[in-house]
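A.B. asks: Build me a model from this:
(one chain, ligands or ions: 1)
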Amino acid sequence: MERRAVSATDGVIYDFTPDLEAIHSVDADAALTIETLDSLEGAVQSEDDVVESIPEEVNAATGPIEVEAASPGDVLAVEIEEIRIVEDAGRVITIEGFGLLADDEDIEAPRSKMTPLEESGTAITFEGLEIPVDPVIGTIGVAPAEGSYDTLVPHDHGGNLDTTDVTAGNTIYFPVFQEGAMLAMGDCKIAMADGEMCGTGAEVATEIDVSLEVIEEPAFDLERPLIETPDAWKPIASAESMLEACKIANKDAVELLAAEHEFDATEAHMLSSLVGGLEISQVVDPLVTVRNAIPKDYLSDPFDLE
Ligand code: CA
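C.D. replies: Now for the predicted structure:
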């Protein structure tokens, strides 16, 4: 299949809104290479470049890409095939008032560190320590049902999910809220930990290979993003508190498990408590994000795809 190139110079967005205008229109089963800018758009090239406050426009997301035949009620599957690093270094930074330890007097902000890529391309270094390259897409989403979400905010449309499982080899499923879905992505990291505690990963520009599929009349009503890894299905939820996000991610898992095993909600809740696993995605964005990992041994395929 021909692979369509989508350049950041074609267009980026800083807000996911219901009425986005597409920069590209592609088939329902398209293969794409999407160029993304680093989240700070080149502002940090050395330790001397610090970011005093969160820029008004941050996490530029390349797009939106209209997926033909995607209509409200469908599901858009985005299979992430490869994330290529296109710079020779990433950067990790603190910003005043941002990050898990923003109130801690021992933490200096603003401050920046470069994380150069080793020649092998398989590791970066942080102050002499090697860290494996394991790229993550930080911001990825579709046009929301209603309301406007800037690219710093995660919610049911996706957005700034900052989730380590949004990586090559996995597929992320989005509810389609608007005609064409209007996919956009950016804010990639060379490496990032679950939690993204200081507020960033090793921020970097990339090229991302994805293939798309539209699932019409899905077997269940997907309300927010769902990740498929080789071993698990992971509902993702974002909310004002960690506890609330955990409740939503677990309720979604309970519904999937109930449908698969013809359990009532209580039985599915019990099974989730035995085999699921709450995982922290990020704790630093305006809403926190968690996921609930249900092994495929207990949940085969909620979309019932062959
Ligand atoms: Ca982010």
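A.B. asks: Tell me the span between the first and last residue of stretch 10-25.
C.D. replies: End-to-end span of stretch 10-25 (C-alpha to C-alpha, to the nearest Å): 12 Å.
A.B. asks: Sort out which residues of it are buried, please.
C.D. replies: Going by neighbour count (16 or more other C-beta atoms under 10 Å), the buried part of stretch 10-25 is 11-17, 20, 22-24. For the C-beta atoms, the positions are set from N, CA and C on the backbone; glycine is no exception.
A.B. asks: Could you list the residues in contact with that stretch?
C.D. replies: Stretch 10-25 is contacted by residues 4, 6, 37, 57-66, 68, 141-151, 157-159, 177-178, 180, 182, 184, 186 when judged by C-beta atoms under 8 Å, 6 or more residues apart in numbering.
A.B. asks: Put the buried members of those residues into a PyMOL selection.
C.D. replies: Applying 16+ other C-beta under 10 Å to these, the buried members can be selected in PyMOL as follows:
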select buried, resi 6+37+58+59+60+61+62+63+64+65+66+141+142+143+144+149+150+151+157+158+159+177+178+180+182+184+186
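A.B. asks: Phi and psi next, for the residue nearest to Val75 when sequence neighbours are not counted.
C.D. replies: Take Val75 and drop its neighbours on the chain: the residue closest to it by C-beta to C-beta, 6 or more residues apart in numbering is Ile215, 4.1 Å away. Note on Ile215: its backbone torsions stand at phi -100, psi 110 [degrees, to the nearest 10].
A.B. asks: Pretty sure Ile215 sits against Ser71.
C.D. replies: No: counting by C-beta atoms under 8 Å, Ile215 sits too far from Ser71 to count as a contact (11.3 Å).
A.B. asks: So between these two, which is more surrounded?
C.D. replies: Counted by other C-beta atoms under 10 Å, Ile215 and Ser71 do not tie: Ile215 has more neighbours, with 18 against 15.
A.B. asks: OK, contacts around that one?
C.D. replies: With contact taken as C-beta under 8 Å, 6+ apart, Ile215 is in contact with 74-77, 173, 303, 305.
A.B. asks: filter those residues to the buried ones?
C.D. replies: Among these, the ones that count as buried by 16+ other C-beta under 10 Å are 74-77, 173, 303.
A.B. asks: and the stretch 1-150 of the chain, which of its residues are near the ion?
C.D. replies: Contact residues, the stretch 1-150 of the chain versus the ion (C-beta under 5 Å from the ion): Gly138.
A.B. asks: Tell me the pLDDT of Leu305.
C.D. replies: If you check Leu305, the pLDDT there is 55.
A.B. asks: Looking at this structure, which residue is nearest the ion?
C.D. replies: Gly138 (3.4 Å; C-beta to the ion).
A.B. asks: so that residue touches Asn59, yeah?
C.D. replies: Yes: because the distance of 6.7 Å satisfies C-beta under 8 Å, Gly138 is recorded as touching Asn59.
A.B. asks: Mind listing the shared neighbours of those two?
C.D. replies: Residues touching both Gly138 and Asn59 (C-beta under 8 Å, 6+ apart): 39, 160, 186-187.
A.B. asks: out of those residues, who's nearest Asn250?
C.D. replies: Of all these, Asn250 sits closest to Asn160, with 21.8 Å by C-beta to C-beta.
A.B. asks: ok, that closest one - contacts?
C.D. replies: Neighbouring residues of Asn160 by C-beta under 8 Å, 6+ apart: 59, 138-139, 151-154, 187, 282, 285.
A.B. asks: Spatially, which two of these are the most separated?
C.D. replies: Thr151 and Gln282, at 13.8 Å, using C-beta to C-beta across those.
A.B. asks: Narrow the buried ones among the contacts of Ile215 to those in strands?
C.D. replies: Using DSSP state E, the members of those that fall in strands are 75-77, 173.
A.B. asks: quick one, phi psi at Thr164?
C.D. replies: phi -60, psi -20.
A.B. asks: Let's see the pLDDT reported for it.
C.D. replies: Thr164 is assigned a predicted lDDT (pLDDT) of 98.
A.B. asks: ok, it touching Gly195?
C.D. replies: No: because the distance of 9.3 Å does not satisfy C-beta under 8 Å, Thr164 is recorded as not touching Gly195.
A.B. asks: Give me the more crowded residue out of those two.
C.D. replies: The residue with more neighbours, out of Thr164 and Gly195 and counting by other C-beta under 10 Å, is Thr164; that gives 23 against 17.
A.B. asks: Many thanks, we can stop here.
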